[in-house]
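Asks: sequence and predicted structure are below.
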Amino acid sequence: MKPIVKYSFILAATALLGSCQKNFLNRPPISQLTSDNFYTTDAEVVAGTAPLYNIVWFDYNDKALLAFGAAKGGDLNSNDRTAYIQFDVSATDQSTLLTGYKAFYKIIAQSNTTMMNIQKASGSATTAMKNMGIAECRFMRAAGYFYLVSNWGAVPIVYDNAAQLSDNIPRNTIESVWQFIILDLRWAAANLPATAYQQGRLTRWSAEGMLAKIYLTRSGLGKAEGSRSQSDLDSAKYYASDVINNSGLTLMPNYADLFTSAQNNNTHNNQENLFALQWDPVSSPWGVNNSFQAYMAFDPKITQTGDGWGAAQGGSADLVSYYLANPADSIRRKSTIMFPGDVYPLLDQKDGGITVPNSSNYAYVKKYVVGSPADNGGKGAFMAAYINTYMLRLAEVYLIYAESIMGNSNSTSDGTALQYFNAVRTRAGLPPKASINFLDIFLEKRVETALEGNAWYDVLRWYYFAPAKAKAYVAGQDRSTNYTISLVANSSPHQYTFTSVTQHFAVTDQTIYLPFPESEMVMAPSLGNAPVPFDFSKLPK
């Protein structure tokens, strides 16, 4: 499968470019590339894995995150992601589909390359540090495969870029990919430190949190409602419990603080973060920067760096409808999407803040929109907002724990499940519940992590064991791209009028997964063949 391997060597050259930031994201010079003259000391091993935290994820974060995770999941209204909202994605889409598909294999290829170099290197690097570096690689490889199997189903497992240099690498079964992910994450959990070696780096708890998520998802694969794999549910519960009880991490007291640069940057990762992409607040070298705000901020006045093109991006009609029907969920709403009349004093602080104009008639994106460099201690630049991208937060692990305790029951009043489910709700200012069911947890997670790129992956998890219900949920969402929301004049508290040209789009068994990019099908025709089980005996011992 030549496209995969080709990109691994491109990344070997580009991912190690220098950075001006004085933190662990510094990259070694390009001349220090191979295991013969690099990865020989602990410091070099640490530097060599730094690109795995941002540049290899850039193409995912730039466009695919919201297209795959939020637009498909029904949380995003977007003029340039309509095909994903309507489940009508063309195999010829190069701007998002092809870029996103390649992004995940870039992550995997760079992880494989770095791991191989660490393993081959000689010198004074300690075994513990080399194992930590390899564990970072295996974690990132597993994360890449999580997104691949969740978006394309059966995909090729590439574990050795050089040995598998072939056009004939088959797709492997979905079951095989999940098992491969679990093997990587279990190894990572056993070899990552309990305390981050440096701010923002992975820990044992990062791997265990991901294991909880993966086991919960896999528990329904090939099962029916009420008969998910008990051993997988037990594993999800075990790992979630270990993270919750032994990591020392806690929920941030204030939900809004999660999405400020002061509490979520590459030199200060907050107490709720388990895994986040670590971005530098610079535009050069390209790829170490967080471009999210550039596309989502509705007015250039917010960013003041020449970007801010998000006037046609916003929360979906369905998400807006939820918040209008649940006004008590205002803490999360205001941190996620902007309604007309909302005031944001931390944006454009020098002019007294930003007030969302009533003339907009739109619910703009707020999450990850942090304002100008002046609003963020001088940090930030064109298409380079000073904020990390969450991939896994403790709140999600709380909800995973609650669901794994409930397991195959219709509902639960278990005290531990309620404790952690309600911890998420009460932080949001909502009353606790005395009993919860699957849909309670599903909807809580949707709103808690809205526009963080998670929504679709929970739909898929539901689809695994209750496809008819998951498809009905999607079909019931208002995915209209034509709605207006207006502030009622002189209303206090704010009241809104909302109109939508309601549109519903069904997901089918044929469109539950994205098509493989046409250009990849040409280069790797084996993608069109039936998947086969992966031969795990081939993996290095």
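Replies: That came through, no problem. From a predicted model like this one, the values you see are computed outputs, not experimental measurements. Residues are numbered from 1 along each chain as shown.
Asks: residue ranges for the strands of this protein, please.
Replies: 76-78, 264-265, 268-269, 273-277, 313-315, 337-338, 343-344, 354-355, 364-365, 389-393, 411-412, 436-437, 483-487, 496-500 (DSSP state E).
Asks: which other helices and strands does the fourth one contact?
Replies: Spelled out, that is strand 273-277. Applying 3 or more Cβ pairs under 8 Å, 6 or more residues apart in numbering; DSSP states H and E, we find strand 273-277 packed against helix 204-218, strand 389-393, helix 394-406. In short, each C-beta sits where N, CA and C put it, glycine included.
Asks: the last one - what's its average pLDDT?
Replies: Going back to what we said before, that points to helix 394-406. Helix 394-406 carries an average pLDDT of 98.
Asks: what's the answer for the first one, then?
Replies: The predicted model assigns helix 204-218 a mean pLDDT of 98.
Asks: and for stretch 123-130?
Replies: pLDDT averaged over stretch 123-130 gives 95.
Asks: now stretch 514-526
Replies: 94.
Asks: so what's residue 298 closest to, chain neighbours aside?
Replies: residue 364 (4.1 Å; Cβ to Cβ, 6 or more residues apart in numbering).
Asks: re earlier: turn the helices and strands packed on strand 273-277 into JSON lines, columns for distance to residue 382 and mean neighbour count.
Replies: Below are the helices and strands packed on strand 273-277 laid out as JSON lines (distance: least, Cβ to Cβ, whole Å; neighbours: other Cβ atoms under 10 Å):
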{"stretch": "helix 204-218", "distance to residue 382": "31", "mean neighbour count": "26"}
{"stretch": "strand 389-393", "distance to residue 382": "18", "mean neighbour count": "23"}
{"stretch": "helix 394-406", "distance to residue 382": "32", "mean neighbour count": "25"}
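Asks: format those as a markdown table; extra columns: distance to residue 489.
Replies: Below are the helices and strands packed on strand 273-277 laid out as a markdown table (distance: least, Cβ to Cβ, whole Å):
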| stretch | distance to residue 489 |
| --- | --- |
| helix 204-218 | 45 |
| strand 389-393 | 37 |
| helix 394-406 | 37 |
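Asks: report how many residues lie close to the residue nearest to residue 298.
Replies: Residues lying near residue 364 (other Cβ atoms under 10 Å) number 24.
Asks: quick one: which of the strands of the chain is nearest residue 288?
Replies: Nearest to residue 288 among the strands of the chain is strand 273-277; the distance by Cβ to Cβ comes to 10.2 Å.
Asks: and that closest one with helix 394-406, angle?
Replies: Here the directions of strand 273-277 and helix 394-406 differ by 120 degrees (axes from the mean of the first three to the mean of the last three Cα atoms, to 10 degrees).
Asks: other residues contacting strand 273-277?
Replies: Here strand 273-277 makes contact (Cβ atoms under 8 Å, 6 or more residues apart in numbering) with 53-54, 57, 61, 143, 200, 202-203, 205-206, 209-210, 243, 249, 264, 269, 290, 388-394, 397.
Asks: that strand: partners in the sheet, and parallel or antiparallel?
Replies: strand 389-393 (antiparallel) (DSSP bridges).
Asks: output the strands of the chain in JSON lines; the columns should cover distance to residue 126.
Replies: Output for the strands of the chain, formatted as JSON lines (distance: least, Cβ to Cβ, whole Å):
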{"stretch": "strand 76-78", "distance to residue 126": "45"}
{"stretch": "strand 264-265", "distance to residue 126": "29"}
{"stretch": "strand 268-269", "distance to residue 126": "25"}
{"stretch": "strand 273-277", "distance to residue 126": "24"}
{"stretch": "strand 313-315", "distance to residue 126": "47"}
{"stretch": "strand 337-338", "distance to residue 126": "48"}
{"stretch": "strand 343-344", "distance to residue 126": "48"}
{"stretch": "strand 354-355", "distance to residue 126": "50"}
{"stretch": "strand 364-365", "distance to residue 126": "45"}
{"stretch": "strand 389-393", "distance to residue 126": "28"}
{"stretch": "strand 411-412", "distance to residue 126": "46"}
{"stretch": "strand 436-437", "distance to residue 126": "47"}
{"stretch": "strand 483-487", "distance to residue 126": "57"}
{"stretch": "strand 496-500", "distance to residue 126": "59"}
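Asks: which stretch among those strands comes nearest residue 420?
Replies: Closest among the strands of the chain, using Cβ to Cβ: strand 436-437, at 10.5 Å.
Asks: so how far is that closest one from its chain's centroid?
Replies: Distance, stretch centre to chain centre, for strand 436-437: 25 Å (Cα atoms, centre = their mean, to the nearest Å).
Asks: repeat for stretch 339-351
Replies: 27 Å.
Asks: what comes into contact with it?
Replies: Here stretch 339-351 has contacts from 260, 301-302, 304, 323, 333-334, 338, 352-363, 366, 369-372, 374-375, 485-487, 494, 496, using Cβ under 8 Å, 6+ apart.
Asks: 7 Å instead, please
Replies: 260, 301-302, 334, 353-358, 360, 363, 371-372, 374-375, 485-487, 494, 496 (Cβ atoms under 7 Å, 6 or more residues apart in numbering).
Asks: show me where pLDDT drops low in this protein?
Replies: For the chain, applying pLDDT under 70 flags the ranges 1-36, 166-167.
Asks: at 50 instead, please
Replies: 1-22, 26-33 (pLDDT under 50).
Asks: in contact with the closest residue to residue 187 other than its chain neighbours, which residues?
Replies: With Cβ to Cβ, 6+ apart as the criterion, residue 187 has its nearest non-adjacent residue at 5.3 Å, and that residue is residue 138. Residue 138 makes contacts with 115, 184, 187, 188, as judged by Cβ under 7 Å, 6+ apart.
Asks: rerun that using 6 Å as the cut-off
Replies: 184, 187, 188 (Cβ atoms under 6 Å, 6 or more residues apart in numbering).
Asks: ok, it to residue 206 distance?
Replies: From residue 138 across to residue 206, the span is 12 Å (Cβ to Cβ, to the nearest Å).
Asks: how many neighbours does the residue lying closest to residue 255 once chain neighbours are set aside have?
Replies: Spatial nearest neighbour of residue 255, chain neighbours left out: residue 331 (5.3 Å); criterion: Cβ to Cβ, 6+ apart. Counted with other Cβ under 10 Å, residues neighbouring residue 331 total 15.
Asks: just confirm residue 331 contacts residue 257, I think it does.
Replies: No - between residue 331 and residue 257 there is no contact under Cβ atoms under 6 Å: 11.0 Å.
Asks: returning to what we had before: quick one, which of the helices and strands packed on strand 273-277 is nearest to residue 225?
Replies: helix 394-406 (12.8 Å).
Asks: re the thing from before, and the helices and strands packed on strand 273-277: which comes nearest residue 510?
Replies: Here helix 204-218 is closest among those (Cβ to Cβ), at 21.1 Å.
Asks: residues contacting the closest one, please?
Replies: Contacts of helix 204-218 (Cβ under 6 Å, 6+ apart): 139, 178, 181, 185, 188-189, 192, 194, 232, 235-236, 239-240, 242-243, 247, 274-275, 392, 397, 400, 404, 461.
Asks: filter the residues you listed to the buried ones?
Replies: By neighbour count, with 16 or more other Cβ atoms under 10 Å, those hold 139, 178, 181, 185, 188-189, 192, 232, 235-236, 239-240, 242-243, 247, 274-275, 392, 397, 400, 404, 461 as buried.
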